[in-house]
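Participant: sequence first, predicted model second:
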Amino acid sequence: MTFVLQHGHGKSDKIEFVAENTRVSSVVLSPTDENPENLGRTAKKIKESGIRPLIDPQTYLYTEGVNLFGRLHNEHGIDFRPIRWSQSPRDVESVIAAVTRMNDAAGVGDIIAPSILQPSFEDIWTPIGIQYARAAAEAWPGRRVYASVVFDEMAFAGWEQINNWMDEITTIDVTGFYLLTNHRASIPYPATMWDVDRLTNVLRMIYTLTEINDYQLIWGYSDLEGLLGVAAGATGVATGWYNSLRRFSTNKWQPQSGGAQPIPRRFVTALLSPLRLDGEISAFPRDLAGFSPLNSTADALFYDDIDDSETWRRPLAQKHHLISIGELTNRLVDMPNPAARLDALGSWLDNSIELFEALEKRYLVFEPSYINKLRILVAALQRFRTAEGI
């Protein structure tokens, strides 16, 4: 189980810096954001650092009804016409062949298979999603293959449908799965995002595929929720430097105009939350028993700038966030079993909520989304443990 970086534009030295300061196993590259020559150079540099490159083929953008496109997909040879639920086996094979050429051109050995965006686990799209996974496994018998599993968040409402889908998908001989959970709503960061029951079912699916069926699973764009995925058995959880790389939404590929710069924030490990520098972190009472807002490896790395809104610019905040999430991920990874990971994560969440409540008694005002999100994560963790008897 490992920490994964989700790649996008504007990478600068972020990958190298983060990898020097916390364990990173893989980087999931984006063909939207670099042309073939640059993507190949990035993959080569990553491999030389002892990190595995993977490429998300992003074919889900061409699902009929979504109809988006990747900015540089045409240069990679993966700019497809709309993919329909009735697509023929020959069309599926042509998509897989194009993804093979893209990976080979970049020198990437392990392959994330193409797939479509599915609104549910039990509709007309389900057979074509499974067909992509099966065809990919047959096309690349000598390579490690991760079947893309890309579902709308709403699809996770019913466990029976998910379980029926897993009965079929686990008959396919792949190394594992690349899971993306699509959030269509535009929710400001930091977003609460999840209904408790749906998040519980995501965790149950991760646990069933990994701990029970012995597949690997990378949960892309998962950020803080990825910690729950690791506790449940995910072998890789990913986040990135921009907010759009921390929560998966096809809205990321829609044209954007205008918009304000993000508010300067810092991830506070003791609160498991990205707080504003001005008005939140700046108001911390330093005498609160047992609490220090500076208590992580990332804090030590950026100590000179960490409370200064004048020097705390976006590149520093991005690196700090990535190292913070990576440190927490790797602490969980080093624990021996799901029960130990769940116990530890449950304790972290409970302590963070208690600290927020203690700070609120000091009449400090925080965005309600912080504590609301933590309570959702606690409830999902508890329901998951009850459902699976852990």
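Facilitator: Noted; the coordinates are in hand. Numbers count the residues shown, from 1 in each chain.
Participant: how far away is the closest residue to residue 105 other than its chain neighbours from residue 102?
Facilitator: The shortest distance from residue 105 to any non-neighbouring residue, by Cβ to Cβ, 6 or more residues apart in numbering, is to residue 36 (5.6 Å). Yep, even glycine has a C-beta here, placed from its N, CA and C like the rest. Plainly put, residue 36 is 8 Å away from residue 102 if you go by Cβ to Cβ, to the nearest Å.
Participant: do the same with residue 376
Facilitator: In terms of Cβ to Cβ, residue 376 sits 37 Å off from residue 102.
Participant: quick check: neighbours shared by residue 36 and residue 102?
Facilitator: Contact criterion Cβ atoms under 8 Å, 6 or more residues apart in numbering; residues shared by residue 36 and residue 102: residue 76.
Participant: of the two, which one has the most company?
Facilitator: Taking other Cβ atoms under 10 Å, residue 36 and residue 102 do not tie; residue 102 has more neighbours (22 against 16).
Participant: helices or strands up against whatever helix or strand that one lives in?
Facilitator: Element membership for residue 102, per DSSP states H and E: helix 89-106. On a contact count with 3 or more Cβ pairs under 8 Å, 6 or more residues apart in numbering; DSSP states H and E, helix 89-106 meets helix 36-48, strand 52-55, strand 111-112, helix 126-139.
Participant: what does it rub up against?
Facilitator: Contact partners of helix 89-106, identified using Cβ under 8 Å, 6+ apart, comprise 29, 31, 36, 39-40, 43, 53, 55, 57, 59, 76-78, 80, 83, 109, 111, 113-114, 128, 131-132, 135-136, 139-140.
Participant: just the buried residues of the residues you listed.
Facilitator: Neighbour-count burial (16 or more other Cβ atoms under 10 Å) applied to the contacts of helix 89-106 gives 29, 31, 36, 39-40, 43, 53, 55, 57, 59, 76, 78, 80, 83, 109, 111, 113-114, 128, 131-132, 135-136, 139-140.
Participant: which parts of the stretch 151-300 of the chain are strands?
Facilitator: 176-182, 216-219, 236-239, 265-268, 273-276 (DSSP state E, counting those that start in this stretch).
Participant: go through those strands and pick out the most buried.
Facilitator: The highest mean neighbour count among these, using mean count of other Cβ atoms under 10 Å, belongs to strand 236-239: a mean of 29.
Participant: and it, how far from the chain's centre?
Facilitator: 5 Å (Cα atoms, centre = their mean, to the nearest Å).
Participant: name every strand pairing with it and say which way it goes.
Facilitator: Sheet pairing for strand 236-239, assigned by DSSP bridges, gives strand 2-6 (parallel), strand 216-219 (parallel).
Participant: what's the closest of the ones you listed to residue 352?
Facilitator: strand 2-6 (19.9 Å; Cβ to Cβ).
Participant: and the helix or strand immediately after the closest one in the chain, what's its mean pLDDT?
Facilitator: Scanning forward in sequence from strand 2-6 by DSSP H and E, the next helix or strand is helix 14-21. In this model, helix 14-21 has a mean pLDDT of 97.
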